[in-house]
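Trainee: would you be able to build a 3D model of this:
(one chain, ligands or ions: 3)
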Amino acid sequence: MDTQTGITATAPAGKIPQPSEPHLPDDQWGHRAWELLQKLRSRAPLIQCITNVVSMDLMANLLLAAGASPAMLSSIYEISDFTPGVDALCINIGTLSEDGLASMRAAAAVAVKAGRPWVLDPVAVSASDFRMEACLGLLELRPAVIRGNASEILGLAAARRIRNSKGVDSSHQSFDAVEAAKSLSRSIGAIVAVSGAVDYITDGHMVVGAFNGVSMLQKITATGCAVTALIAAFISVEPLRALEATACALSIFGVAAELGMEMASGPASLRMHLIDCLDGLNEDLLVSRMNVYRVS
Ligand SMILES: Nc1ncnc2c1ncn2[C@@H]1O[C@H](COP(=O)(O)OP(=O)(O)OP(=O)(O)O)[C@@H](O)[C@H]1O
Ligand SMILES: Cc1ncsc1CCO
Ligand SMILES: [Mg+2]
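Mentor: Numbering: from 1, shown residues only. Ligands and ions are numbered 1, 2, ... in the order given. Below is the predicted model:
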């Protein structure tokens with residue numbers, strides 16, 4: 001039990017059997033994504049984000065543009081009051097501190113106890129033993145989804161720091177981490193998403209590829225952090241089909257980026273147009289652009 005909060009963490013997840021979700025036919029993804037986006041816009045779920053200081057502004061604005069209600073509350077003294085009432089929780093270790101980690105652990109435990117899904121963004125998990133141990137401890141608190149870039153998923157799946165780690169940016173292609181993502185998914189019982197030129201999403205059995213997006217997203221800091229928060233918003237409205245919700249969140253973000261890129265002249269204007277295009281996304285644009293299908 002945490003002596004500051006009186007909060008008890010749940011038992012370690014261990015090997016959790018993850019039932020495979022029904023397979024959505026490839027031609028249904030656009031309609032499914034629109035359905036989920038509409039649900040999100042009408043329900044405006046409350047999403048608590050305990051995240052790094054770099055990402056806060058973009059994350060909150062993208063959540064608002066998608067139709068969710070962001071709350072970046074992170075003090076350990078507020079968790080027992082606030083977290084039971086949120087619709088989902090996003091935890092991101094980007095600028096990890098000892099106090100921040102205590103809040104993350106407490107919030108994840110409360111969310112699980114309250115039956116709320118939470119997602120983990122293991123930023124730069126291979127950069128230090130502190131980060132790796134923090135993430136391994138958080139994995140015991142049963143995230144519904146883990147989203148990282150390829151280097152992060154490779155490191156976390158191996159539970160060890162990998163060589164050539166570049167810090168918060170990936171030094172691998174997303175495809176290189178697909179097998180690691182499947183094995184991590186099976187051992188934690190969570191959906192795992194690897195972002196990159198193609199985003200791969202797996203429940204440990206099937207793998208879905210989300211092909212939307214633009215490479216200039218890598219030139220805007222915290223786009224990965226922000227898309228993890230969008231995943232939290234999407235799973236809050238469809239918790240029993242977390243793979244579908246995760247793939248839809250990643251793909252919708254990618255479509256908004258493609259539309260934004262048509263008006264942008266560089267990373268700064270893409271950041272602005274990305275938010276506008278997510279806010280203004282309509283069914284025709286989404287269904288005609290969305291490119292998601294099962295790859296294995
Ligand atoms: N080469 C690319 N082409 C198209 N989209 C990309 C490419 N690289 C990344 N993306 C998209 O950019 C977003 C961020 O993914 P990325 O893998 O860069 O995350 P990240 O490294 O965790 O980012 P950050 O740490 O800055 O938040 C995702 O939506 C992903 O689909
Ligand atoms: C640049 C940076 N440093 C720690 S977190 C973060 C945001 C991208 O992950
Ligand atoms: Mg990241």
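Trainee: please report how far the residue lying closest to Val295 once chain neighbours are set aside lies from ligand 3.
Mentor: Nearest residue to Val295 in three dimensions, chain neighbours excluded: Gly209, at 4.4 Å (Cβ to Cβ, 6 or more residues apart in numbering). In this view, the C-beta of every residue, glycine as well, is placed from N, C-alpha and C. Between Gly209 and ligand 3 the distance is 19 Å, computed by Cβ to the ion, to the nearest Å.
Trainee: do stretch 134-148 and ligand 3 meet at all?
Mentor: No. Judged by Cβ under 5 Å from the ion, stretch 134-148 and ligand 3 are separated, with a smallest distance of 6.3 Å.
Trainee: can you check stretch 187-207 too?
Mentor: No. Stretch 187-207 does not reach ligand 3 (Cβ under 5 Å from the ion); its nearest approach is 7.8 Å.
Trainee: with adjacent residues omitted, what lies nearest to the residue of the chain found nearest ligand 1?
Mentor: For the chain and ligand 1, the shortest gap (Cβ to the nearest ligand atom) falls at Gly224, measuring 2.3 Å. Once flanking residues are discounted, Gly224 sits nearest to Ser195: 5.5 Å by Cβ to Cβ, 6+ apart.
Trainee: now swap in Val198 and tell me
Mentor: Leaving aside its chain neighbours, Val198 sits nearest to Gly209 (5.1 Å; criterion: Cβ to Cβ, 6+ apart).
Trainee: for the residue in the stretch 51-200 of the chain positioned nearest to ligand 2, what are its contacts?
Mentor: With Cβ to the nearest ligand atom as the measure, Gly94 is the residue of the stretch 51-200 of the chain nearest to ligand 2, at 2.8 Å. Taking Cβ atoms under 8 Å, 6 or more residues apart in numbering, we find Gly94 in contact with 51-55, 121, 123-124, 168, 222, 225.
Trainee: can you say which of those are buried?
Mentor: Buried members of those, scored by 16 or more other Cβ atoms under 10 Å, are 51-52, 54-55, 121, 123-124, 168, 222, 225.
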